[in-house]
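In: How does the following fold in three dimensions:
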Amino acid sequence: MKPIDPRPVLLLLAGLTLSGAALAEEPREAAPSEDATPLIDPAAMQALERMGAYLRGLQSFSVKAEDTLDEVLESGQKIQLTKTVELQARRPDRLRADVETDRKARELYYDGRNFTLVAPESRYYTTIPAPPTIRETLEYLQAKYDVEFPLADLFLWGESGDDSGAIQEAMRVGASRIAGQLADHYAFRQADVDWQIWIAQGEAPLPLRYVITSKDVEGEPQFTANLSWDTTAKPEEAVFSFTPTKDDHPITIVVTDDAPATP
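Out: Prediction:
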């Protein structure tokens, strides 16, 4: 199988993009007319900035994501896989994710001091010292251990390094309803990735859905996520720490470079 690369899902959401026959721009070879629509609509970029500012202002929340992911077989046939992520956060230094896929389950804990990754079915876990903030921990896990925390992009939108400078095209598609909630539908394009995002209308511009198409992978597989939010959630301290039992077995996590294994 040729799976979709998961890294754009976490690193490019603040600067991904959309394409498609129904929404295609004029051919690039055509000479632009004086009234041609700009490739980057400033309003679409402003919508991303507003969403990012709102997300950064949330001090605690929970969100559930229902994902689908394409895998492309050697024959070209697409196989769709599903994943559920339940994430709880409390800024600046508490994070918890429970992940269930077609193939496995994982629990991830960050309590401001340590990061713990648990495989609940096999009862194995690993714990490592972690930096003092969510943002630093997400970057550290990616760089040191090649671990990508689910929905990490929610903490990167609007921050330095969000890759929004890679956006080549941006536009507003129109209004939609996501689970009964009015949302604005935007489309963006980067060199190797097309993506769409639906942002809730009103005073809480939360991302409700996004679709990512990997154009540099044969078969152009897609990743889709639908998000359900609770911005009033205040998770208890115990949520963010893992306490092993006598049946849980510690293992060592692999370091991906030659740097020290602690931050």
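
In: Least confident secondary structure element in this structure?
Out: For the chain, scoring each helix and strand by mean pLDDT, DSSP states H and E identifies helix 7-11 as the least confident one, at a mean of 34.

In: continuing past it, what's the next helix or strand?
Out: helix 42-57 (DSSP states H and E).

In: For that next one, list every residue counted as buried.
Out: Neighbour counts using 16 or more other CB atoms under 10 Å place 44-45, 47-48, 51-52, 54-56 of helix 42-57 among the buried residues. The C-beta positions use only the backbone N, C-alpha and C, and glycine is treated the same way.

In: which one of those sits closest to residue 189?
Out: Closest approach to residue 189 among the buried residues of helix 42-57 (CB to CB): residue 44, at 10.9 Å.

In: Let me see the contact set for the closest one.
Out: Contacts for residue 44 (CB atoms under 8 Å, 6 or more residues apart in numbering) come out as 170-172, 186-188.

In: tell me the SS of the closest residue to it other than its chain neighbours?
Out: Using CB to CB, 6 or more residues apart in numbering and skipping the chain neighbours, the partner closest in space to residue 44 is residue 170 (3.9 Å). Under DSSP: H, G, I helix; E, B strand; the rest coil, residue 170 falls in the strand class.

In: Against residue 208, how distant is residue 170?
Out: 18 Å (CB to CB, to the nearest Å).

In: rewinding a little: need the contact list for the residue nearest to residue 44.
Out: 17, 39-41, 44-45, 186-189.

In: Which two among those residues are spaced furthest apart?
Out: Pairwise over those, using CB to CB, the maximum falls at 39 and 186, 13.8 Å.

In: ok, those two, which is more surrounded?
Out: Between residue 39 and residue 186, counted using other CB atoms under 10 Å, residue 186 has the larger neighbour count: 25 against 14.

In: List the contacts of the more buried one.
Out: So residue 186 contacts 18, 44, 47-48, 170-173, 196-199 (CB under 8 Å, 6+ apart).

In: do you know how far it is from residue 84?
Out: 25 Å.

In: in the stretch 151-263 of the chain, what spans have low per-residue confidence?
Out: For the stretch 151-263 of the chain, the stretches flagged by pLDDT under 70 are 158, 160-162, 257-263.

In: For residue 226, name its beta-bridge partners.
Out: Under DSSP bridges, the beta-bridge partners of residue 226 are residue 66, residue 209.

In: Is it correct that residue 187 is in contact with residue 193?
Out: No - in this structure, residue 187 is not within contact of residue 193 by CB atoms under 8 Å, at 11.9 Å.

In: So if I had to pick from those two, which one is more boxed in?
Out: When residue 187 and residue 193 are compared on other CB under 10 Å, the one with more neighbours turns out to be residue 193, at 27 against 22.

In: wouldn't that one be in contact with residue 215 here?
Out: Yes - taking CB under 8 Å as the definition, residue 193 is a contact partner of residue 215 at 6.4 Å.

In: Now the common contact residues for these two.
Out: With CB under 8 Å, 6+ apart, residue 193 and residue 215 have no common neighbours.

In: Beta-bridge partners for residue 125, please?
Out: Going by DSSP bridges, residue 125 forms beta bridges with residue 118, residue 250.

In: quick one: it and residue 247 touch, right?
Out: No - using CB under 8 Å, residue 125 makes no contact with residue 247, being 10.9 Å away.

In: What helices and strands are in contact with the helix or strand harbouring residue 194?
Out: Assigned by DSSP H and E, residue 194 belongs to strand 193-200. Using 3 or more CB pairs under 8 Å, 6 or more residues apart in numbering; DSSP states H and E, the elements in contact with strand 193-200 are helix 42-57, strand 169-178, strand 181-189, strand 207-214.

In: Now with 6 Å, please.
Out: strand 181-189, strand 207-214 (3 or more CB pairs under 6 Å, 6 or more residues apart in numbering; DSSP states H and E).
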